[in-house]
Each structure stands twice: as C-alpha cells, then as structure tokens.
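>>> Coordinates for the following, if possible.
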Amino acid sequence: MQFKHPEILYFLFLLIVPILVHLFQLRRFKKEYFTNVRFLKELSIQTRKSSKLKKWLLLATRLLILTAIIIAFAQPFFKAKDSNQVTNEMYIILDNSFSMQAKGQKGELLKRAVEDLLEHVPENQTFSLLTNSETYWNTDIKSIQKDLQNLKYSATPFKLKQLMAKVKSRKSNFNKDIVIISDAVGIQDKELKSIDKDFNTYFIVPKAEQKNNMAVDSVFINQTLDKFYEIGVKISAYGTQEKETPIAVYDNNKLIAKTLIAMDGAQKTMTFSIPKADFNGYVSIEDNGISYDNTLYFTISNPKKVNVISIGDAEKSAFLGKIFTASEFDYSNFPIAALDYNLLEKQDAIVLNELKDIPQALQTTLKSFSEKGGNIILIPSSENTTANLNAFLANFGTIKFGEIQNTEKLITEISFGHPLYSGVFEKKADNFQFPQTKASFAVSTTSPGILNYQDKSMFLTALQNQLSSVYVFAAPLNKANSNFQNSPLIVPTFYNMAQSIHKSGAVALTIGENQPFLVDAQLGKDDIVELKNSEKSGEKFIPIQQALNNKVKLTFNDYPQVAGNYGIYRQDELLQHISFNYDRTEGNLASAEEDLLSDYKVINDVETVFDTLQTDRTDNEIWKWFAILTLLFLAVEIFIQKFVK
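I've put the predicted structure just below:
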C-alpha cells in the first residue's frame, strides 16, 4: 500500500492525546456519608469494574477513529500492476481488405468492427488509426467518426509488415499499445515478427460464418480462329460448392454468353467464343461468398500487325517467313551488311539469326530497343565467339555461353506453365515427337528453362524485364544442325515470342502490381495521357508516363482505386481500352492463420481492450474505505456511550 500524501501520517502522533486524556482523569469526587453503607460498597465495586471497561472501549474506538481519519486524508492506494505503461501511445490497425466483406454473426466483419470502435473507444482517448489505404495520426474517435462510417474496402491486401513499419516510423520516448483488428486471412509468421516484442499488442480476430467462396481468377485467349476468339476463364473454388453457379460474359454491358458451372475441384476452366474484334467487357459469377472477386474485367484489342525483322542470312531465315505470315505480321529480313538501323525502333520483335558477329553499334541499339518494350530472339551461330555472345547478353541479365559441344542431344522437356506456351497445350504431351540438335552451347543462367535437353541443360530460356523479353537459344537452328524447324513446337514458339501482350491477348491488369504498360502513340510536347472510367465509378487519373519513340510507357502505382474497364485518352482521343482488377489473394477465407497468434493477446472486442487497460493501469484507491471505517467506529463509540454502563 502506498500514500499520495504520506506527510499527513505524521499526524498519527496525535494518538497520544486520547491516551493521555484517558490515563489522567481530572474529575474530582465529593464524599457523601450514609447511615448504612453495606449495600453501597457492593454497588461501588460493580460500578468501578464496568466504568473501567467502558473507558478502555472508548479509548480504543477513539484511537481507531483518529487513525482512520488521518489515513483517509493521506489517500492510500494500491499501485496498478501495469503502471509503468500508463503513458503508452495507442495505435489501432484496422484491416479493410476485401476478405472483411465476409459475414459474421452480426453482419459484415468490417462494418461490425467499425461499429465496435465507434461504440467503445473513449471520447477522450487519443490514438492513431491505420488501415490498408488510410492513415489518421493523433486523432480521436469523434474527429474520424464520418471517415470510419464511410470507410471503403481497399484494393490493397492486408500487409501487417508494412503497417507496422509505419507505426515504428513514429519515433517517440513512449512505448506503444497496438490493437490489430483483422480476420487473419493470409497473415504469415514473418509478418508477425515485425511486431516489436516491447509493444503491448492485442489482436481482435472477427470470424466469418460462411467460408465457402468462388472467384474468377483469370481470362486468356485459348485459341484464335478466323472470326472468333476462344477465351478460357479460370475459376477457383474455396470450400464446398454444392450448387451450380451462373457464369456470364459481357461486352460493353451487353450479354454475350451465359451458362452454369459445377465445380468438381479447386479449379476449373470454362471456354467461351467471342467475336474477333475489340472487346471491352467482363466475366461475372454469382455465388454466396464474398463479392469482390466475382467479376473480372478484361480487354482484347482488335489485332494489329506485328512488326518483325530478322537479321541474318536469307536462306537460313526462310523458315521465319513461313511463321510470320502477312495476315498477322509485317515481316522482313536483312543481312547485317544491309541493315537500316532506323527501322529497328519501329519493330515489335527482332530476330538475330546465326550472326557470326554482333557489332557494338547493334548491341547498343538493341539494348535501348529492349528497354522500350521490344522483344529480342537470339539464335547463336557456331561461328560466333562466346566472348562476343556474352558481351551482348550482359546487357540484359545474368547469362553466359560456354564452349560449343558437338554432342547430339534430344529436346525432351517443355515448361508447360511458362507464359510463352499459355493456351498452346490442352494437356501435357507424353508421346510428343521431340526435336534434336547435333551441336549446342553450354548455357548457364539463373533464369528457368523454357525448353530443356534430356540431360537437363537448357535449349531455350528467356531474360525478362517489365516490358519485354530476350529469348536465347543454345544451338543454331539451321537444318544441318537441328530438325527443330520440322518440329510442331517451332510455330507456337516463334509466334508467341514475337507477340506483345499489349497488342494481342486479354489485358487484365491487377491494381497495385505496378506493371508498366505500353501504348502505341506519339505525344506532343504538351500532350498527356489520362485514364477514365465513364461506366461505373467515374474515376479518372493521370498515370506516370514516359514517351518512347512511337510508344508511351505508363506506370500506374496504386491507381486506379476501383476495378473496371478504363479508356486511355490523349485529350479527347481514345487511344486504347484497358482493364483493372482487384488482387485475388483475399478470396480464400479458410486461410486465416489464427494458430499463429497463440503468443499474442487475442481478445473479443474493443471494449475489452480498454476495460483491461483501465483496470491494469489505474491505481486502486482505498481512502474511501477508511472514511467508511471512521463512520463505523464513530457509530460504535455512540453505541458504547449509550448502552454500556
């Protein structure tokens, strides 16, 4: 027990006063004589005994009264068990990712969490609130009431590590109380390690009652026909899906196709045929799970001819002309001596076909070409030196050619999951007629192989940046060295290597991935490119942009905030359609890792947090009990005075 005013305890010396008063009776007695004192003597003895007992009782009660009064004024208390953290700063981290759309016992998890904060955070409590998308420093619940009520779901997944970094950036001499409100979907142990052990951390984990969910994962062109595209729609299912689910395809809000899908596994791909023309629409499903991942927006631009140049001997390059046909490609071949360098910047892909030497000027030009979004395909020559090849490839990544090996090898491994072969194979081929080479270079790189030899060495690999790829073969493809030209693999391999996803294919970008995008346009000095969504949200924004000859490189950062189909405009001129979607990482509600929180304080609601802090950090004042004791002892004294004779 401690005292707020311990100096008042010196008044306990006053206890000596009632003791002195009771020890020294100053009252004088007068003698009276009676004729017969026999009975008076007996009465006198009894009176003296009871009077002596009464005096001691009164002395005890008066000492207790005085002691209780003095102690009450000294204000005794028991120190709070967590008193050293009474000055802590409060931080509330609120997960507003799309997984919080799930419904619990009292409605959507996020809305219920907001109600809990508004009801139970004390009005005089100063705190900082961090969400996936918003930050409010040193505020109170009244100041942000409207912001909380209007809080939207964020396209940014819940990333505890990044939010904790923001908290730690607020340097202070005080420790921190952290309240984390999240359903724990996708949370990982490495993120929990970002929480400082000195922080007083509480977790509130709202739980979803319904964890079954379906999501539209991706859309791709499965194959291109004369007048139609066959698109593949990949659907993922989490939990048990007992009923058939409606799925529909829309173009500019016009229904193109609709059917039912029955999930018999975790994933399923549905195919639809759509007209071979500009497509600006979406795929939609209707399920009973969370809704944010039920729609996937995508755009297919009317195919434009792809510009391809091959540099090398005309005879050795003849097979390329059969692949890059005039209906889809603008193809031409030049020997190195007759090459016009001014043509290179206008190409989409350049093939270096068995050049004996790659001049330094060409190396510099091709490096710039790759940085601006052009694809490069390198087919080495057995007459080229490894030093020259390695000097050229050093411009694009970590890859080295070793000495040529005159050993016949069979190409047996295909990376079916590589983007180069997306939609090429319906299933993995077991009885495929694999090609072979008679001589090849040893290739060492950190990039994965796309086609590999039987001995696991690489035949084809790729060095990729954000805008383009450099495809590298390990062997010459002339007929004297290889039968690859006669293989079924050659057409899809070269066809897809020359293509750019920005000119062909389904464009469905993910918000927050910050993937650069190329648009065919030439900007004037004061021209800017703007993105607009006129259908749904009306959102518009100006992305980061860089002019690259006849292209414009766009970088979106965390924009847009709302998924949908957008138009890329130069002033009022529509250049191209583009689609954005929310990240699909929040769809698996069963991935909540609550077991990882066993080392932390997990509580039910916000009210419990503040009740616990109030209890643990408030001193237990007991002066009132001593005041009550004073009144009690005073009543006892009155009782003694009245009833004890």
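>>> residues in contact with the helix or strand harbouring residue 492?
Per DSSP states H and E, residue 492 falls inside helix 490-498. The contact list for helix 490-498 (Cβ atoms under 8 Å, 6 or more residues apart in numbering) reads 306, 308, 319-320, 323-324, 329, 348-349, 375, 377, 420-422, 424, 451, 460, 469, 471, 484. Any C-beta I mention is one placed from the backbone N, CA and C, and that applies to glycine too.
>>> list the buried ones in it?
By neighbour count on 16 or more other Cβ atoms under 10 Å, the buried set for helix 490-498 is 490, 493-498.
>>> Among the contacts of helix 490-498, which lie within helices?
319-320, 323 (DSSP state H).
>>> picking up where we left off before, could you give the mean pLDDT of the helix holding residue 492?
The average pLDDT within helix 490-498 is 90.
>>> Please verify my assumption that residue 453 contacts residue 459.
Yes: contact criterion Cβ atoms under 8 Å: residue 453 and residue 459 qualify, at 5.6 Å.
>>> Export only the CA atoms of stretch 637-645, formatted as PDB.
Below are the C-alpha coordinates for stretch 637-645, written out as PDB (Å, rounded to 0.1, in the frame of the first residue of the first chain):
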ATOM      1  CA  GLU A 637     -18.500   4.900  20.200                       C
ATOM      2  CA  ILE A 638     -22.000   6.300  20.300                       C
ATOM      3  CA  PHE A 639     -23.300   2.800  21.000                       C
ATOM      4  CA  ILE A 640     -20.800   2.400  23.800                       C
ATOM      5  CA  GLN A 641     -21.700   5.700  25.300                       C
ATOM      6  CA  LYS A 642     -25.400   4.900  25.200                       C
ATOM      7  CA  PHE A 643     -25.700   1.300  26.100                       C
ATOM      8  CA  VAL A 644     -22.500   0.400  28.100                       C
ATOM      9  CA  LYS A 645     -22.900   1.400  31.800                       C
END
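>>> Can you list the buried residues in that stretch?
Result for stretch 637-645 [16+ other Cβ under 10 Å]: buried residues 637, 640.
>>> swap in stretch 190-201?
Buried residues in stretch 190-201 (16+ other Cβ under 10 Å): 191-192, 195, 199-201.
>>> Distance from it to the middle of the chain?
With Cα atoms, centre = their mean, to the nearest Å as the basis, stretch 190-201 stands 17 Å off its chain's centre.
>>> Endpoints of it, how far apart?
16 Å (Cα to Cα, to the nearest Å).
>>> residues making contact with it?
Residues outside stretch 190-201 that contact it (Cβ under 8 Å, 6+ apart) are 85, 88, 159-161, 164-165, 168, 175-178, 180, 596-597, 600-601.
>>> From those, keep the buried residues only.
Judged by 16+ other Cβ under 10 Å, buried ones among the contacts of stretch 190-201: 85, 88, 159-160, 164, 176-178, 180, 597.
>>> that older thread, export the buried residues of helix 490-498 as a markdown table, with columns for distance to residue 115.
Formatted as a markdown table, the buried residues of helix 490-498 follow (distance: Cβ to Cβ, whole Å):
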| residue | distance to residue 115 |
| --- | --- |
| 490 | 63 |
| 493 | 57 |
| 494 | 59 |
| 495 | 56 |
| 496 | 52 |
| 497 | 55 |
| 498 | 56 |
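>>> any idea which of these is closest to residue 147?
Proximity of the buried residues of helix 490-498 to residue 147 (Cβ to Cβ) peaks at residue 496, which lies at 48.0 Å.
>>> measure that closest one to residue 278 for me?
Computed as Cβ to Cβ, to the nearest Å, the residue 496 to residue 278 distance reads 22 Å.
>>> tell me the domain boundaries of this protein?
As assigned by automatic domain parsing, the chain contains the domains 2-79+623-643, 83-207+592-618, 213-302, 306-498, 506-581.
>>> May I have the distance across the third one, first residue to last?
Right, domain 213-302. Start-to-end, domain 213-302 (Cα to Cα) is 34 Å.
>>> lowest confidence element among the helices and strands of this structure?
Within the chain, confidence by mean pLDDT, DSSP states H and E is lowest for strand 620-621 among all helices and strands, at a mean of 62.
>>> now for the helix or strand following it, which elements pack on it?
On the C-terminal side of strand 620-621, the nearest following helix or strand under DSSP H and E is helix 623-643. For helix 623-643, the packing partners by 3 or more Cβ pairs under 8 Å, 6 or more residues apart in numbering; DSSP states H and E come out as helix 38-73, strand 76-78.
>>> Report the rounded mean pLDDT for the longest one.
Predicted confidence along helix 38-73 averages 71 (mean pLDDT).
>>> contacting residues around the residue nearest the centre of the chain?
Nearest to the mean C-alpha position of the chain, counting by Cα atoms, centre = their mean, stands residue 157 at 2.9 Å. For residue 157, the contact set (Cβ under 8 Å, 6+ apart) comprises 97, 132, 186, 512, 583, 585-586.
>>> okay, those residues in CSV with neighbour count, distance to residue 302 and secondary structure next?
Putting the contacts of residue 157 into CSV (neighbours: other Cβ atoms under 10 Å; distance: Cβ to Cβ, whole Å; DSSP: H, G, I helix; E, B strand; the rest coil) gives the following:
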residue, neighbour count, distance to residue 302, secondary structure
97, 26, 36, strand
132, 21, 37, coil
186, 21, 38, coil
512, 17, 29, coil
583, 18, 29, coil
585, 16, 32, helix
586, 28, 34, helix
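>>> Identify, from those residues, the entry nearest to residue 558.
Nearest to residue 558 out of the contacts of residue 157 is residue 512 (Cβ to Cβ; 5.6 Å).
>>> The closest one and residue 562: what is the separation?
According to Cβ to Cβ, residue 512 stands 13 Å off from residue 562.
>>> tell me the phi and psi of residue 110?
For residue 110, the backbone dihedrals (degrees, to the nearest 10) come out as phi -70, psi -50.
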